[in-house]
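K.L.:
Can you look at this prediction? I've put the sequence above it.
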Amino acid sequence: MNSPKQWIARQSRDPFVKQRARDGYRSRAAYKLDDMQRRFSLIKRGAVVLDLGGAPGGWAQVAAKYAIKQSKPAPAAAEQSSPPAPTTRPPRAAATAGRVVSIDLLPIDPIPNVVCIQGDMTSPAVLATLQDAIRPAHGKASASSVAGSSSRPATTPFVDVVLSDMAHPFTGSRTADVARVIALCELALDVAERPEVLKRGGAFVCKFIQGEGDQELRQLLKSKFDKVAYEKPEASRSGSAEGYLVCLGYKRQTIA
Ligand SMILES: C[S@@+](CC[C@H](N)C(=O)[O-])C[C@H]1O[C@@H](n2cnc3c(N)ncnc32)[C@H](O)[C@@H]1O
C-alpha cells in the first residue's frame, strides 16, 4: 500500500472487511482460521486451544466458536421423573467444556470463554502463566488467578491445538521480515513442545512468509508431525507472501 487513499480503496473492495462487520469478528484474519478449520477440522468441540499472537482477537473468537461446548442446563426439579429431591434446587448453570487461551504483546479486549493474557511469548514469566492457564478445572478464571489449580503433573500435555499468527510489523526488508516470522514459528514450536503443552496427535498451525529458511522450517515440522500442509486461505491477500503451515498428528515422545 503506497498511500492511505489506496488502503481505503482496497478495504472498500474487500468482501472480508464487509463480512467481518456483519459477523462481529475483531479482525478479517478470523476468516483465515475459519477456512483452515473447514479444510482440516483442527478444533474439535471441547478442545483446549492455545492462540499465540492473538490480538485483536479474531482467531480466538473462531477458536471459541468451535471449541467451547455449551451444555444444556440440567432439568429443573419439577420436570424430573424420578422422586423429587428433598429441596428444590435451581437448574445448574450451563457448564462449558473446552478452553481457549490467547496471548499477545498487545492487550486483547475480553472475549467470552477465552482467557486473554498480555505478554511476550519469549518471557519466562509468561510461559509460567501459560502453564497455569491451560490447565483444566479453573473455569473462566483470569490468568492471574489460575495458578496451581490442577492435580495433574506439569509434565502432562493439556493442549489439543497450538495456533500461531504471530508477526511483527514489517520492516520493508523482505529478508529481515522472513527471518523474523520464521523465528516466531520456531518460538511457537518450542512452546508447543513444552511438556505441558501439545498432546500427542495434536495440531499446530503457524504463519510464515515464503523466503530463505522456509524449507528448513517445513523439514523441521515434518520431522515432528505426521502431516504438514501449506495453506493460503482465501482471506490471505494474494499480493501477500504470507502462508500457513498446518501440521497434524504431533509425534510427541513419551515421557518416561
Ligand atoms: C497478525 S496479528 C494477529 C491477528 C490475530 N490472529 C487475530 O485474528 O486477530 C500478529 C500479532 O502477533 C503478536 N506478536 C508478535 N510477537 C509476539 C510475541 N513475541 N509474543 C506475543 N505476541 C506477539 C503481535 O503483537 C500481533 O498482535
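P.N.:
Thanks, I have it. Please read these numbers as outputs of a predicted model, since none were measured by experiment.

K.L.:
quick one: average pLDDT of stretch 60-67?
P.N.:
Mean per-residue pLDDT for stretch 60-67: 97.

K.L.:
Give me the sheet partners of the one helix or strand V205 maps to and which way each runs.
P.N.:
Using DSSP states H and E, the element containing V205 is strand 198-209. Using DSSP bridges, the strands paired with strand 198-209 are strand 159-164 (parallel), strand 242-250 (antiparallel).

K.L.:
what's the closest of those to the ligand?
P.N.:
Evaluated over these, closeness to the ligand peaks at strand 159-164, with 7.7 Å, by Cβ to the nearest ligand atom. Where C-beta positions appear, they are placed from N, C-alpha and C, glycine not excepted.

K.L.:
Need the residues that contact the closest one.
P.N.:
When contacts are defined by Cβ atoms under 8 Å, 6 or more residues apart in numbering, strand 159-164 is touched by residues 33, 42-44, 47-53, 59, 63, 134, 184-185, 187-188, 191-192, 197-199, 202-207.

K.L.:
mean confidence score for the strand or helix carrying A192?
P.N.:
Assessed by DSSP H and E, A192 sits inside helix 174-193. Averaged over helix 174-193, pLDDT sits at 96.

K.L.:
same check, this time on stretch 33-44
P.N.:
The pLDDT scores in stretch 33-44 average 97.

K.L.:
Is that stretch positioned near the ligand?
P.N.:
No - Stretch 33-44 does not reach the ligand (Cβ under 6 Å from any ligand atom); its nearest approach is 6.9 Å.

K.L.:
And that stretch, what's buried?
P.N.:
33-37, 40, 42-43 (16 or more other Cβ atoms under 10 Å).

K.L.:
Can you flag the buried ones in the contacts of strand 159-164?
P.N.:
33, 42-43, 47-53, 59, 63, 134, 184-185, 187-188, 191-192, 197-199, 202-207.

K.L.:
Out of the buried residues of stretch 33-44, name the ones that lie in helices.
P.N.:
Using DSSP state H, the members of those that fall in helices are 33-37, 40.

K.L.:
and which of these is nearest to H168?
P.N.:
L33 (19.6 Å; Cβ to Cβ).

K.L.:
State the phi and psi torsions of G57.
P.N.:
For G57, the backbone dihedrals (degrees, to the nearest 10) come out as phi 130, psi 10.

K.L.:
Out of the ones in helices among the buried residues of stretch 33-44, which is nearest to the ligand?
P.N.:
Taking those together and measuring to the ligand by Cβ to the nearest ligand atom, the closest member is L33, at 6.9 Å.

K.L.:
any chance you could map the strands in the stretch 1-150 of the chain?
P.N.:
Using DSSP state E, counting those that start in this stretch, the strands found in the stretch 1-150 of the chain span residues 48-52, 69-70, 96-97, 99-104, 114-118.

K.L.:
Closest one to R180 out of the buried residues of stretch 33-44, please.
P.N.:
Nearest to R180 among these, counting by Cβ to Cβ, is L33 at 21.4 Å.

K.L.:
residues in contact with that closest one?
P.N.:
Applying Cβ under 8 Å, 6+ apart, one finds that L33 lies in contact with 58-59, 62-63, 163, 165, 205, 233.

K.L.:
related to what we said a few turns ago, distance to S238 for the ones in helices among the buried residues of stretch 33-44 - can I get that in CSV?
P.N.:
Converted to CSV, these look like this (distance: Cβ to Cβ, whole Å):
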residue, distance to S238
L33, 18
D34, 18
D35, 14
M36, 17
Q37, 21
F40, 21
